[in-house]
Structures are given as structure tokens and as C-alpha cells.
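> the following comprises the amino acid sequence and a computationally predicted model.
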Amino acid sequence: ATGVSLEAIPRAASAKGSREIVPVEEHVNRLAVDLSQLASDDEDLWRRVRSEFQMTDGIAHMNNGSIGASPRAVTDSIVQALAKLEADPYHNTWGGLGAGMEEVRQHAADFIGADLDEVSLIRNCTEGMNNVATGLDLEPGDEILTTNHEHGGGMACWQYLRQYKGIKINYLKMPNPVQDKAQLLRVIEQHLTPRTRVASFMHVDTITGLQMPMADIAALTRPRNILLVCDGAQTPGMLDVDVRSLGVDAFASSSHKWLLAPKGTGLLYIRKQVQDRIHPLSLLKGYSAYSGSCGTRDVASILGHGTAIAFHNAIGKSRIEARCRQLSMRVRGHLQNIPRLRLLTPEQSELRSGMVTFAVDGMKNSDVHKKLWDEHQIAAKVAQGTYVYTEVAEQLGEDYNCLRFSTHIYNDESQVDRLADALTSILA
């Protein structure tokens with residue numbers, strides 16, 4: 001359940017046409033009951049899940065790594081909450097509906113394996129990373145270790161500290177492709193210095209889809225008293241995330257990606273034992289959804305965030321992870337047979353995720369991307385280059401000329417096969 005009961009209200013027909021309107025909580029419970037009668041390998045289960053989405057017929061959305069498509073339970077939740085909120089804005093912003101934001105925060109903490117007093121509700125991963133960085137007590141000359149593959153949203157915070165606080169950023173050049181976990185850990189350890197105060201890594205590489213071995217990295221950083229900060233934009237909703245098992249000190253995420261939550265929602269976890277070392281201004285008055293230091297919130301979107309969590313729980317986190325991996329492996333298997341595509345994502349299962357990336361030979365990735373959409377209605381991602389938005393991009397940046405494909409529970413095998421046929425035709 002979402003933790004918040006909302007009365008159904010009239011609303012415009014969805015993109016799929018008019019339909020019965022039911023309270024969101026009842027809708028999600030119905031889904032859970034339906035799925036409880038089906039096995040994970042039953043095609044009917046995933047057909048039932050796909051029926052919850054509002055995608056235009058014919059579109060194959062394979063860029064979930066940039067933005068997810070919310071199920072109708074989530075969009076209904078927002079619409080229903082907005083109607084109730086605007087009918088009595090004062091009582092439903094700080095009490096009434098607004099009080100439900102704390103229930104959402106509890107569900108969010110449970111979802112990633114944290115305690116309530118370690119989790120705050122934010123707008124996106126970039127905001128979370130900014131909160132962490134500007135909440136640190138660092139001295140000029142202190143060092144941040146990160147990689148040349150980080151997303152701009154995971155790098156800007158450290159660039160800010162470099163520009164205004166005199167902090168030094170060390171960029172680790174990622175092996176590409178990564179041979180194995182031991183190679184990656186060896187390279188990381190070689191870059192740790194006596195002045196390293198923070199190690200900041202993406203959980204899943206935004207370029208290649210590599211899953212970083214965070215728990216093994218934590219075994220290197222924690223004994224050295226180095227804070228391990230994780231850009232987890234890609235993982236809640238794709239992987240069954242448990243922040244304690246990862247061993248991270250801070251973890252920021254964008255819920256509008258794989259968690260399929262409203263656009264502009266996210267999570268920030270700061271481990272209780274390091275909250276005296278990471279103390280963002282926005283959390284000065286506590287981690288509650290509303291406080292004197294964070295201000296008025298978008299109640300409807302936060303309640304929709306709670307509905308997205310309930311939606312995932314109704315299906316099952318481990319079941320969703322398995323499905324994302326299954327479809328990604330199908331993409332990998334098909335595209336490896338196309339001569340002009342070269343796999344950049346590691347082969348090892350422990351280093352893979354629900355995203356897979358291929359370099360394109362002999363044609364610009366942006367041209368392939370355009371043809372996929374214009375001619376086949378397949379949305380993919382022109383993956384970024386290295387050192388994106390950094391001060392060394394011009395000198396050291398590389399463009400792998402690659403395309404990234406991220407598959408989720410609203411995709412199916414026929415769409416993957418369609419992608420393979422389209423790329424075979426485009427790259428013939």
C-alpha cells in the first residue's frame with residue numbers, strides 16, 4: 001500500500017482511452033493479487049505488468065537510463081492528490097495529505113534497506129550529490145577520487161568544491177572494457193592517497209552499464225576513513241538495492257528513472273554513523289519531508305513517489321531485477337551478432353546491470369540513434385563521452401561513439417528482436 005488513501009476523482013481519459021477510475025491503493029492491491037497467481041517466467045505476468053503503462057502504441061522505450069515511464073497508478077496518484085490538495089491547500093500541505101509524506105519517506109527507507117533517520121526525499125540525484133558535497137567539512141588540498149566516466153550530475157558538486165574551496169579532484173581513468181573486478185579494485189586502490197577524503201563513484205556506469213562493486217570498494221575506503229559517496233541514479237528500481245550491503249556512506253538517486261516515480265523525485269541516504277561529517281544545509285532541521293531548512297514541498301509528486309514504491313513492491317524487487325537483466329541479456333545476445341557493433345559492457349554477471357552499451361563502427365552514433373527513432377520508433381541513448389563537463393574534457397575526453405540500451409518491465413522480447421532487426425538494417 002502507498003500509506004496514503006486517496007479518493008478517486010473524475011479525470012480526463014488516458015492515452016489508452018477512457019477507463020474505470022479506482023482509488024490508487026485499490027489499484028495497486030489489485031495488481032499484487034493478479035501477479036501472486038502467476039510465475040515469474042509466465043508471459044502472462046509481464047503482459048499484465050505492461051498493461052499498467054500508458055506508452056503510445058508502437059514506441060519501444062529503451063532509454064530508461066535517462067527517464068522512466070510512470071505507470072498509470074502513479075499518474076493517477078498525482079492527479080487525485082492535486083485535486084484534494086487544491087480543494088483545501090492549507091490543511092493538506094502541512095497536515096492531511098501532507099502528513100502522508102512521512103509515510104512515503106518510511107517506505108523509501110525500507111525500499112533501500114535504510115533507517116528512517118538516514119533518508120530524505122529530494123528532487124533528483126544531482127541535488128542529492130550537491131547536498132552531500134556542500135555538507136562536507138573539507139580543507140584546501142583535500143582530495144576527491146572519482147572517475148572519468150561519471151555523469152555530469154555526479155561531478156558538478158566536486159567541481160564546485162574545487163573552484164570555491166580549493167579541493168583537488170583526482171580522476172581515475174576507467175579501464176574500457178573492464179577485464180574483471182580485481183582489475184577495477186586494483187586501479188582504485190592505486191589512486192588512493194593520504195589526502196583522499198572522499199571516493200565518489202557511480203553505482204552503474206552511465207556510459208557502459210558496468211555495475212561498480214561498491215561493497216568491495218567500501219572494504220578499501222572505510223578502513224582508511226575515506227567517505228564513500230555513491231551516485232545511485234540508475235539503480236533503485238532496476239537492482240534490488242540494499243545500501244547497508246553496499247557499504248556506502250552516502251547514496252543519491254533519481255526515482256524518475258528506474259523506480260518509475262514522478263519526474264523530479266529522488267532519494268538521499270546518509271549513513272547514521274557519518275552524519276556528523278556530512279551535514280547538508282537542507283537537513284539542518286532534520287530529515288523530514290518538510291522542515292524549516294528544506295521548505296514547502298510538492299506534496300502530490302511525493303505521494304506519487306510513494307505509489308511508485310508500492311507498485312514495485314507489488315511486483316517484487318528481485319523479480320524486477322531478474323526481468324531487467326533478462327531483457328538486457330537478450331539485447332546483448334542479439335547485438336553481438338552485428339559486425340559493426342562492439343560490446344563495451346563487462347561480460348561478468350557481477351559487473352553487469354540492466355543497461356548494455358555498444359560502440360558503433362563506421363557510422364556516427366547520433367545518426368544511428370536518429371534512424372532508430374525516425375524509422376523504427378525505438379528510443380535509445382547516445383552515450384556521453386568521458387570527463388563530461390570537467391575542466392580536463394578538452395584535453396583528455398574520449399568519445400566511444402556508443403549507444404546505450406536500457407530495458408525495463410514495460411519492454412518485451414518482441415521489442416528487443418525489433419531493435420536487433422532495425423540495427424541490422426541500419427548498419428548493413
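Good, I have the coordinates.
> what pLDDT does the spatially closest residue to residue 281 that is not a sequence neighbour get?
Nearest-residue entry for residue 281: residue 293, 6.3 Å, with adjacent residues in sequence omitted and distances by C-beta to C-beta, 6 or more residues apart in numbering. C-beta coordinates here come from the backbone N, C-alpha and C atoms, glycine included. With respect to pLDDT, residue 293 scores 97.
> I'd say residue 293 and residue 279 touch.
No: the pair residue 293 / residue 279 is not scored as a contact, 10.7 Å apart, by C-beta atoms under 8 Å.
> higher neighbour count, these two?
A direct count of neighbours by other C-beta atoms under 10 Å for residue 293 and residue 279 places residue 279 higher, at 16 against 12.
> not counting its neighbours along the chain, what's nearest the more buried one?
Closest to residue 279 by C-beta to C-beta, 6+ apart is residue 135, at 4.8 Å.
> show the pLDDT at residue 42.
For residue 42, the model assigns a pLDDT of 89.
> again, but for the one 3 residues further on
At residue 45, the model reports a pLDDT of 96.
> run a quick neighbour tally on it.
20.
> how close does it sit to residue 122?
33 Å (C-beta to C-beta, to the nearest Å).
> repeat that for residue 143.
Counting by C-beta to C-beta, the gap from residue 143 to residue 122 is 26 Å.
> compare those two (neighbour count), which wins?
Just comparing residue 143 and residue 122: by other C-beta under 10 Å the higher neighbour count belongs to residue 122, 24 against 19.
> isn't the more buried one right up against residue 252?
Yes: using C-beta under 8 Å, residue 122 makes contact with residue 252 at a distance of 7.3 Å.
> what kind of secondary structure is the closest residue to residue 162 other than its chain neighbours in?
Leaving aside its chain neighbours, residue 162 sits nearest to residue 169 (5.3 Å; criterion: C-beta to C-beta, 6+ apart). Secondary structure, DSSP: H, G, I helix; E, B strand; the rest coil: residue 169 is strand.
> what is the burial count for residue 169?
18.
> do residue 25 as well
Applying other C-beta under 10 Å, we find 18 residues neighbouring residue 25.
> what's the per-residue pLDDT of it here?
91.
> and residue 12, by the same measure?
Looking at residue 12, its pLDDT reads 34.
> neighbours of residue 86, just the number please.
Neighbour count of residue 86, defined by other C-beta under 10 Å: 10.
> per-residue pLDDT, it?
The model's pLDDT for residue 86 equals 96.
> now it, what's its secondary structure?
Following three-state DSSP, residue 86 is assigned to helix.
> and it, how close does it get to residue 93?
10 Å.
> cool, residue 369 as well?
42 Å.
> tell me which of these two has more neighbours.
Counted by other C-beta under 10 Å, residue 369 and residue 93 do not tie: residue 369 has more neighbours, with 21 against 17.
> what helix or strand does the more buried one sit in?
Element membership of residue 369 [criterion: DSSP states H and E] is helix 365-376.
> and for that helix, what's in contact with it?
For helix 365-376, contacts defined as C-beta atoms under 8 Å, 6 or more residues apart in numbering pick out 60, 360, 378-383, 401-403, 418-419, 422-423, 426-427.
> in the stretch 201-350 of the chain, which spans are helices?
214-221, 243-246, 299-315, 317-335 (DSSP state H, counting those that start in this stretch).
> tell me the most buried of those?
helix 299-315 (a mean of 26; mean count of other C-beta atoms under 10 Å).
> how far off centre is that helix?
15 Å (C-alpha atoms, centre = their mean, to the nearest Å).
> got it, and stretch 107-122?
How far stretch 107-122 lies from its chain's middle: 15 Å, per C-alpha atoms, centre = their mean.
> end to end on it, go ahead and measure it.
14 Å (C-alpha to C-alpha, to the nearest Å).
> and for stretch 114-131?
Using C-alpha to C-alpha, the end-to-end distance of stretch 114-131 comes to 18 Å.
> got it, and stretch 38-45?
Note: stretch 38-45 ends 6 Å apart using C-alpha to C-alpha.
> which of the contacts of helix 365-376 count as buried?
With neighbours counted by 16 or more other C-beta atoms under 10 Å, those contain buried members at 60, 360, 378-383, 401-403, 419, 422-423, 426-427.
> could you measure from residue 267 over to residue 171?
Separation of residue 267 from residue 171 (C-beta to C-beta): 26 Å.
> so which of the two has more stuff around it?
Counted by other C-beta under 10 Å, residue 267 and residue 171 do not tie: residue 267 has more neighbours, with 30 against 21.
> residues in contact with the nearest residue to that one once chain neighbours are set aside?
Distances taken as C-beta to C-beta, 6+ apart place residue 253 nearest to residue 267, at 4.7 Å, with adjacent residues excluded. Taking C-beta under 8 Å, 6+ apart, we find residue 253 in contact with 112, 125, 128, 232-233, 235-236, 259, 266-268.
> now which of these would you call buried?
Judged by 16+ other C-beta under 10 Å, buried ones among the contacts of residue 253: 112, 125, 128, 232-233, 235-236, 259, 266-268.
> so which of the residues you listed belong to strands?
Among the buried ones among the contacts of residue 253, the members falling in strands (DSSP state E) are 266-268.
> can you list contacts of the one helix or strand residue 146 maps to?
Using DSSP H and E, residue 146 sits in strand 143-147. Contact partners of strand 143-147, identified using C-beta under 8 Å, 6+ apart, comprise 154-155, 158, 161-162, 167-174, 188, 191-193, 195-202, 226.
> same check on stretch 407-417?
For stretch 407-417, the external contacting residues (C-beta under 8 Å, 6+ apart) are 46-47, 49-50, 53, 55, 60-62, 64, 68-69, 238, 258, 260, 315, 320, 323-324, 327-328, 330-331, 334, 354, 378.
> buried residues, it. List them.
Buried residues in stretch 407-417, counting neighbours by 16+ other C-beta under 10 Å, are found at 407-412, 415-416.
> looking at these, which are in helices?
Of the buried residues of stretch 407-417, the ones assigned to helices by DSSP state H are 415-416.
> of all the buried residues of stretch 407-417, which comes closest to residue 283?
Comparing these against residue 283 with C-beta to C-beta places residue 408 closest, at 31.0 Å.
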